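Asker: After the sequence you'll find the predicted model.
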Amino acid sequence: MFAERDRLWNQLEEFPSIMTTQNSTYIYQTLKKYNITHILIWRGVVAENYIVPESNLLGAFTYNFVNIVLNDTIHFKNLYSNQNNAVLEVVD
């Protein structure tokens, strides 16, 4: 539990594919499927390639994923962003 919310991220079957896809709609639909409403990005754990979530306590995003969700203003609303962190809402 983090921020009084359950973490589902590292348990997603589709985790590897949403880290590498170029399709923001696919990312959005996958997150909605699991009722994920927000994404917290700690840029300190962003990696070039996919990292198996179980290998890192925090898990990791790929640069690809971060760039896609930060630039998709239709499916994701940037609630907060600085050079180290970002909080995005998955839009309904």
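Answerer: Cool, got the structure. Numbers count the residues shown, from 1 in each chain.
Asker: Going by C-alpha atoms from here, please, whenever you check contacts or count neighbours.
Answerer: Will do.
Asker: those strands in this structure, which residues are they?
Answerer: Using DSSP state E, the strands found in the chain span residues 38-42, 46-47, 61-62, 76-81, 85-90.
Asker: If the most centrally placed residue in the chain is in a bridge, with which residues?
Answerer: For the chain, the residue nearest the mean C-alpha position is residue 39 (5.1 Å; C-alpha atoms, centre = their mean). Residue 39 has these beta-bridge partners by DSSP bridges: residue 88.
Asker: coming back round to it: I'd like to know which of the strands of the chain is closest to residue 13.
Answerer: Closest to residue 13 of the strands of the chain is strand 61-62 (C-alpha to C-alpha; 14.9 Å).
Asker: got the contact list for that closest one?
Answerer: Applying C-alpha atoms under 8 Å, 6 or more residues apart in numbering, the contact partners of strand 61-62 are 19, 20, 41, 45, 46, 47, 48, 49, 50, 51.
Asker: Reformat the strands of the chain as CSV; add distance to residue 13 and mean pLDDT.
Answerer: Converted to CSV, these look like this (distance: least, C-alpha to C-alpha, whole Å; pLDDT from 0 to 100):
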stretch, distance to residue 13, mean pLDDT
strand 38-42, 17, 87
strand 46-47, 19, 75
strand 61-62, 15, 82
strand 76-81, 21, 96
strand 85-90, 19, 94
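Asker: Give me the sheet partners of the least confident helix or strand in the chain by mean pLDDT and which way each runs.
Answerer: In the chain, the helix or strand scored least confidently by mean pLDDT, DSSP states H and E is strand 46-47, which has a mean of 75. With DSSP bridges as the test, strand 46-47 is paired with strand 61-62 (parallel).
Asker: circling back to that earlier point, and which of the contacts of strand 61-62 is nearest residue 81?
Answerer: Once C-alpha to C-alpha is applied, the member of the contacts of strand 61-62 that ends up nearest residue 81 is residue 41, at 9.1 Å.
Asker: residues touching the closest one, list them.
Answerer: So residue 41 contacts 61, 66, 85, 86, 87 (C-alpha under 8 Å, 6+ apart).
Asker: Just among these, which is most surrounded?
Answerer: residue 61 (26 neighbours; other C-alpha atoms under 10 Å).
Asker: Since that was my last question, I'll sign off now.
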